[in-house]
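Chemist: show me the folded form of this:
(2 chains)
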Amino acid sequence: MRNILDDNIEIKSIKVNEIAEYLISEDIVYTEEEVAPGDMRGNRLSTDKLGKVKNDISGLLDGKKQSNVLLIKKRTKAAVYVPELIIYQPDDNFKGAANHVIMLRKSCAFRDVPILVASTIPQQEKASSLISYGATNILIFPSPSEKVRRAIDMAMAPVGTNIPIVTKLINPFISATLDLMGTMAGLAASKKEVFLKRNYRLFGDVSGIMTFSGNIEGAVVVSFDEDLARKIIGKILGAQPKSLSQSDIKEGVGEIVNIISGNAKAALANTEYQHQITLPTVVTGCGHEINHPQNAPCIVVIFEASQKLFAVQVSMILKA
Amino acid sequence: VNKKIFQDAAEMTFAKMLLVQLVFVEDKDASSNIYDISGVIGFHGDIVGNVALSLSEETAMEAISRLVGEKITNLNDTKDGVGELVNMVAGNARLGFEDMDIRLTIPEIIKGKGHELDFTRYSEYFVLRFASEIGPVHLKVAYSAESIRQGLNS
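Modeler: Predicted coordinates for the structure are as follows:
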């Protein structure tokens, strides 16, 4: 599989138990509870922590030697180095493949790193089913290098009309989020990364969506994993995170997206980005993804609160 | 907000675009509200709310295959089609509200094995469930009560 790719991409073939090391050494944030706060900000995890994380991940991946994960890495401009692309090859029986894909997607922590599933023609259908669990697309082997190259390019290319990040437009959403976390939840949240989204996929366990239209048309989506959602809503309601019911979580996430978009709407009123908001919708389901129409550029902001990451994305079309 | 308007809009869209007859079914079982792909479109103006069209993986692939006229075997390829379908349903429903100013937003598509879609306390909502030869089709409509809408738009 190695030599069919162009030489200018650095490709790494890694056995399962090396994934952890690779991810961690590339500063992918691993959101396991045991990882102490200091470690998240430091450059490297200590050796024993690394060993533990490594065990966890290879445990998740069942330690099967047949499973290979190939990563193509390129350094991004952001402060955090992430793999640019993950190519995942399930074993012949697809044993645990769905879980592997979910785990890989989780370790990307809201960054839209494409995960391509390598498969043979007879297994095409099985491989396609992994797309529902978080894979981006499938790569069929063997096939001509040009075709593989194109599939990879497609997965890597940003979609949507190329607009620069308009700070005037995105800043109200960022400050509304930071405000909300600070004043209502009493959690110090910080902005980690801002980027233009590649595939319009955002994976979370619970998301709030608010659509809007007016001079700009689109949606703002806030996604959390379940633990962080519980923690934040628990703080807002003054309740124990564990005692919250499912409907509390849904209500709470709806409220959060309502407040963020309401504040941003107020801040943008009387500007060229004036808009009206609709009603919040809440999506639950482990590892779902939110897509936007092809032509709408999408800005993703990743925040950190209580050592976990959550994402706010704004996708919109500017109306003339 | 009249259920019948949305029911007619969904039936008309599916009959015209996919040649599929939708049959309205009364079903109060909440556990059936689990889907693989949903399209959500918001509307505002004289009424504020959301319309969501939810399908299972098989139904979505079959529906979009019929819409575009070629066999689709990948759920990823149904996203634009599902967005287009919910857009048409909402657009047709809008025609039912004569003399009212209603504007639609662009559709969002949610994909994920077994996700659930909920609306919060801001909205009143109803679910229209249809049976068809390609599988069940669910349409959720949420809208705000007058007083809440005033608050949201102030």
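Chemist: and B:Ile37, what does it touch?
Modeler: Residues near B:Ile37 by CB atoms under 8 Å, 6 or more residues apart in numbering or on different chains: B:Ser54, B:Leu55, B:Ser56, B:Glu57, B:Ala60, B:Leu75, B:Thr78, B:Lys79, B:Val82, B:Ile109, B:Ile110, B:Lys111. Where you see a C-beta, it was placed from the backbone N, CA and C, and this is true even at glycine.
Chemist: surely A:Leu139 is in a strand?
Modeler: Yes. A:Leu139 sits within a strand when classified using DSSP: H, G, I helix; E, B strand; the rest coil.
Chemist: didn't A:His292 look like it was pressed against A:Val314?
Modeler: No. Counting by CB atoms under 8 Å, A:His292 stays clear of A:Val314, with 9.8 Å between them.
Chemist: pick out the residue of the stretch 1-150 of chain A closest to chain B.
Modeler: Nearest to chain B, among the residues of the stretch 1-150 of chain A, is A:Ser132, at 4.7 Å (CB to the nearest CB).
Chemist: surely that residue touches B:Glu57?
Modeler: Yes. Counting by CB under 8 Å, A:Ser132 touches B:Glu57, with 6.8 Å between them.
Chemist: mutual contacts of the two, please.
Modeler: Counting by CB under 8 Å, 6+ apart, the residues touching both A:Ser132 and B:Glu57 are B:Asp36, B:Leu75, B:Lys113.
Chemist: surely the first one is in a helix?
Modeler: No. Applying three-state DSSP, one finds B:Asp36 to be strand, outside a helix.
Chemist: tell me how far it lies from chain A.
Modeler: B:Asp36 is 7 Å from chain A, where distance means CB to the nearest CB, to the nearest Å.
Chemist: and what about the residue of the stretch 1-150 of chain A closest to chain B, helix, strand or coil?
Modeler: Once three-state DSSP is applied, A:Ser132 turns out helix.
Chemist: now it. Nearest residue, chain neighbours left out?
Modeler: Among residues not flanking A:Ser132 along the chain, B:Lys113 sits closest, at 4.7 Å (CB to CB, 6 or more residues apart in numbering or on different chains).
Chemist: and if you look at B:Gly96?
Modeler: B:Ile5 (3.5 Å).
Chemist: and that neighbour, what element?
Modeler: Assessed by DSSP states H and E, B:Ile5 sits inside helix B:3-13.
Chemist: that older thread, ok, so of the contacts of B:Ile37, who is nearest chain A?
Modeler: Among these, and counting by CB to the nearest CB, the member closest to chain A is B:Ile109, at 4.0 Å.
Chemist: next helix or strand past the one helix or strand B:Asn92 maps to?
Modeler: For B:Asn92, the host element (DSSP H and E) is helix B:79-96. Per DSSP H and E, the first helix or strand lying C-terminal to helix B:79-96 is strand B:102-104.
Chemist: one step back: neighbour-wise, which of the shared contacts of A:Ser132 and B:Glu57 leads?
Modeler: B:Asp36 (23 neighbours; other CB atoms under 10 Å in any protein chain shown).
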